[in-house]
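S.K.: Got a predicted structure plus its sequence, pasted below:
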Amino acid sequence: MFGIPGKQAVTITPKATAQIVKLMAAKGHHGLRIGVKKGGCAGMEYTMDYVDTADPNDEVVEHDGARVMIAPMAQMFLFGTEIDYETTLLESGFKFNNPNVSEACGCGESIKFDDSLFAK
């Protein structure tokens, strides 16, 4: 597991908490797994999937009934991230306020991480 003992890898805002709880209840799933994968114009993309069981290596973050599992390969990339949920006139969705991101593409769908994360 990556991170600081006793400190959660990510924080979840009240809006994101409410949306995750709503999705969990509507779909009957155990929670949401968050990860990263190669792709997009900046090099990496966030992934979110419904899960019915946590992987033993997942970092599990629970807040007021919302459960988020962080895939093992994503833990170092997501440490310190705030997960929010925004609704605008044009769209609504989860937003990741991630201090490890060094660049994002114009569409906001892909990201690039600070090269120092790869030197560890």
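M.R.: Noted; the coordinates are in hand.
S.K.: Could you look up the SS state of Lys22?
M.R.: helix (DSSP: H, G, I helix; E, B strand; the rest coil).
S.K.: Leaving out chain neighbours, which residue sits closest to Ile20?
M.R.: What sits nearest to Ile20 in space, not counting adjacent residues and going by CB to CB, 6 or more residues apart in numbering, is Ala66, at 3.8 Å. Bear in mind the C-beta positions are built from the backbone N, C-alpha and C, glycine included.
S.K.: Could you point out which residue ranges in this protein have low pLDDT?
M.R.: Along the chain, segments meeting pLDDT under 70 span 1-7, 42, 105-120.
S.K.: Could you pull out the helices in it for me?
M.R.: Remark: helices assigned in the chain by DSSP state H are 14-27, 75-78.
S.K.: So which of these is nearest Gly43?
M.R.: helix 75-78 (11.4 Å; CB to CB).
S.K.: separation between the residue of the chain positioned farthest from its centre and Lys95?
M.R.: Distance from the C-alpha centroid of the chain peaks at Leu89, with 23.3 Å (CA atoms, centre = their mean). Remark: distance between Leu89 and Lys95 (CB to CB, to the nearest Å) = 15 Å.
S.K.: Please apply the same query to Thr88.
M.R.: From Thr88 to Lys95 the distance is 10 Å (CB to CB).
S.K.: Between the two, point out the one with more neighbours.
M.R.: Taking neighbours as other CB atoms under 10 Å, Thr88 and Lys95 compare with Lys95 leading, 16 against 7.
S.K.: Tabulate the helices of the chain in a markdown table, adding columns for mean neighbour count and distance to Arg33.
M.R.: Below are the helices of the chain laid out as a markdown table (neighbours: other CB atoms under 10 Å; distance: least, CB to CB, whole Å):
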| stretch | mean neighbour count | distance to Arg33 |
| --- | --- | --- |
| helix 14-27 | 16 | 12 |
| helix 75-78 | 22 | 11 |
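S.K.: Quick check: bridge partners of the residue nearest in space to the middle of the chain?
M.R.: Taking CA atoms, centre = their mean, the centroid of the chain lies closest to Ile34, which sits 4.5 Å from it. Beta-bridge partners recorded for Ile34 (DSSP bridges): Met48, Ile70.
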